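>>> give me a 3D structure for the following:
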Amino acid sequence: MSSKTPNLARYYGHKLPPITPGDFQFYLTLLRGGRPPLDITGMAPTLEWQDEGTSLGGNVGIQHPDGAYIWVARGHRIRCDTDWQGKRYNLWTMRCEAPQDTTETFSTSVTLVDEMDALRRDKLVWHFLRTSKRRNGWTADEITRAVAKRLGMKVGKLLKGKLRQHFSLTGSGIEAITKAWQAENHAHGVRYVMRMVNGHFEVVEYQRNPLLYVLKDQITHALTSDTGQTYPVTVVRGYGYVGDGHARKQLHYVAQHKATVQQLGYVPAQKHFGRVQSQADLEARTKRALAADLLAYKTATVTHPGIPFIRRGEGIQLDLPTQGFSGKDSFVYCATVNNSVAGGEYNTEMTVSTLDPFASPQAQQELYEETAVLGSIEQPVVVTSE
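Residues are numbered from 1 along each chain as shown. The predicted model follows:
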């Protein structure tokens, strides 16, 4: 994966059909195993769902009709669909936790969890060690299959891992799988998403929506902030070595940016990288270490009339020039997305950042180094959602 400035015209070169944010009808269907699907759309005055981290969760409030009680139990599923441009889209299907009944109002509150929630609850000891068959360790997809086999979990599509690794941990199977793919992400920049599809666990490449939403006039609330080191290091001395024994050679390199030193002062630090592949490898690592310490980015929490198709990791253009989101800083990524429907109003609250949550730490550092320190980001070519 290239860490250079994205070709935004390639990602977002399509025209977006007319859309009215907040003006969506949601259709809820209760799935109860052997029973026929039940339409509960008119019985759910409140609905919310959150796309945070690697999980999807939510809550639905059910108002039982007079003289009837809608039976909902833990393990049942609720499917949410919506209409757009004459087509019906499935937004999500989640499982019900134990419902909470309120007899005074004849209503039920149901917490929703994604299909992988049960896989996060087991606590086991996992060993992925070097063996005679795996002298260099395990790849992420091999670890995924081993966990799935132990848990009796069916496997669907899996990316192929390249990094060989070995580790032990005590935790859930999802923690073991996540650890493996995070290492793959860090080493090779693989952007991935874990999901359950028709009862099969999948790890597939993350792909963004080919449409870019531009948020500006309809923003109802925005809270912004700058994130970065309070006293960043401005000069890094990197040390490493190549070879072994008598052939071992010590290497060093100094990374600095003159304009940054002039602005913030001379603040040195040392980084010892141990064995490196070459002088060029040491130089690259030292530059990334400097970029990581200088890394500064903007974040914002934005409330907007609801758009159900925005997911975590999506890119949007945030037009808030008075709060620093304009030009090169207007293109941001969604870190969390919370949707809520209540009282006839539908809103989406997003936490956004100029950092891509699906990029590897190395790619984030390189992107900062190439744009904020050493150059300038291209002006995006986009279309609006209005």
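>>> hmm, Leu251 is touching Gly240, no?
Yes. Look at Leu251 against Gly240 with C-beta atoms under 8 Å: they come within range, at 5.1 Å. Every residue, glycine included, has its C-beta placed from N, CA and C.
>>> quick check: neighbours shared by those two?
Common neighbours of Leu251 and Gly240, counting by C-beta atoms under 8 Å, 6 or more residues apart in numbering, are Val276, Leu282.
>>> more neighbours, the two?
Gly240 (23 against 16; other C-beta atoms under 10 Å).
>>> let's verify Ala289: helix, strand, or coil?
helix (DSSP: H, G, I helix; E, B strand; the rest coil).
>>> burial measure for it, as a count.
Neighbours of Ala289 under the rule other C-beta under 10 Å: 20.
>>> that one and Arg275, how far apart?
16 Å (C-beta to C-beta, to the nearest Å).
>>> what do you get for His64?
66 Å.
>>> ok, these two, which is more surrounded?
A count of neighbours by other C-beta under 10 Å puts His64 above the other of His64 and Arg275, at 17 against 11.
>>> could you point out the helix or strand that follows the longest strand belonging to the chain?
Ranked by number of residues, the top strand in the chain under DSSP state E is strand 331-342. Under the assignment DSSP states H and E, the closest C-terminal helix or strand after strand 331-342 is strand 345-353.
>>> show me what that following strand is packed against.
strand 296-305, strand 315-318, strand 331-342 (3 or more C-beta pairs under 8 Å, 6 or more residues apart in numbering; DSSP states H and E).
>>> okay, those strands, which one's buried deepest?
Ranked by mean neighbour count, the helices and strands packed on strand 345-353 are led by strand 315-318 with a mean of 24 (mean count of other C-beta atoms under 10 Å).
>>> doesn't Val113 make contact with Glu97?
Yes. In this structure Glu97 lies within contact range of Val113 using C-beta under 8 Å: 6.1 Å.
>>> burial measure for the residue nearest to Glu345 when sequence neighbours are not counted, as a count.
Distances taken as C-beta to C-beta, 6 or more residues apart in numbering put Gly22 closest to Glu345, at 7.1 Å, once the chain neighbours are dropped. Applying other C-beta under 10 Å, we find 16 residues neighbouring Gly22.
>>> check contacts around Gly22.
Each residue near Gly22 by C-beta under 8 Å, 6+ apart is listed here: Gln218, Pro305, Gly306, Glu345, Tyr346, Asn347.
>>> which pLDDT value goes with it?
What the model reports as pLDDT for Gly22 is 73.
>>> and the gap between it and Tyr346?
Distance, Gly22 to Tyr346, by C-beta to C-beta: 5 Å.
>>> so what sits against both of these two?
Counting by C-beta under 8 Å, 6+ apart, the common neighbours of Gly22 and Tyr346 are Pro305, Gly306.
>>> any idea which helix or strand in the protein has the lowest mean pLDDT?
Scoring the helices and strands of the chain by mean pLDDT, DSSP states H and E places helix 8-11 at the bottom, with a mean of 39.
>>> the helix or strand just after it pairs with which strands, parallel or anti?
Downstream of helix 8-11, the first helix or strand assigned by DSSP H and E is strand 26-31. Strand 26-31 has the following sheet partners, assigned by DSSP bridges: strand 38-39 (antiparallel), strand 77-84 (antiparallel).
>>> got the buried residues for the helix or strand hosting Phe273?
Assigned by DSSP H and E, Phe273 belongs to strand 268-275. By neighbour count with 16 or more other C-beta atoms under 10 Å, strand 268-275 contains the buried residues Lys271, Phe273.
>>> would you pull up how far it lies from the middle of the chain?
Mean-position distance between strand 268-275 and its chain equals 30 Å (C-alpha atoms, centre = their mean, to the nearest Å).
>>> contact partners of that strand?
The set of residues external to strand 268-275 that reach it, using C-beta under 8 Å, 6+ apart, is 233-242, 282, 285-286, 289, 293.
>>> identify the farthest-apart pair in these.
Within the contacts of strand 268-275, Thr234 and Val242 form the most distant pair, 27.4 Å apart (C-beta to C-beta).
>>> which one's more surrounded, those two?
Between Thr234 and Val242, counted using other C-beta under 10 Å, the more crowded position is Thr234 (22 against 16).
>>> pretty sure that one contacts Val254?
No. With contact defined as C-beta under 8 Å, Thr234 does not count as touching Val254 (11.4 Å).
>>> ends of stretch 39-52, how far apart?
Terminal residues of stretch 39-52 are spaced 27 Å apart (C-alpha to C-alpha, to the nearest Å).
>>> got the contact list for that stretch?
For stretch 39-52, the external contacting residues (C-beta under 8 Å, 6+ apart) are 26-30, 56-65, 70, 78, 80, 91-92, 94, 112, 311-312, 336-342.
>>> how far off centre is that stretch?
Relative to its parent chain, stretch 39-52 has a centroid offset of 23 Å by C-alpha atoms, centre = their mean.
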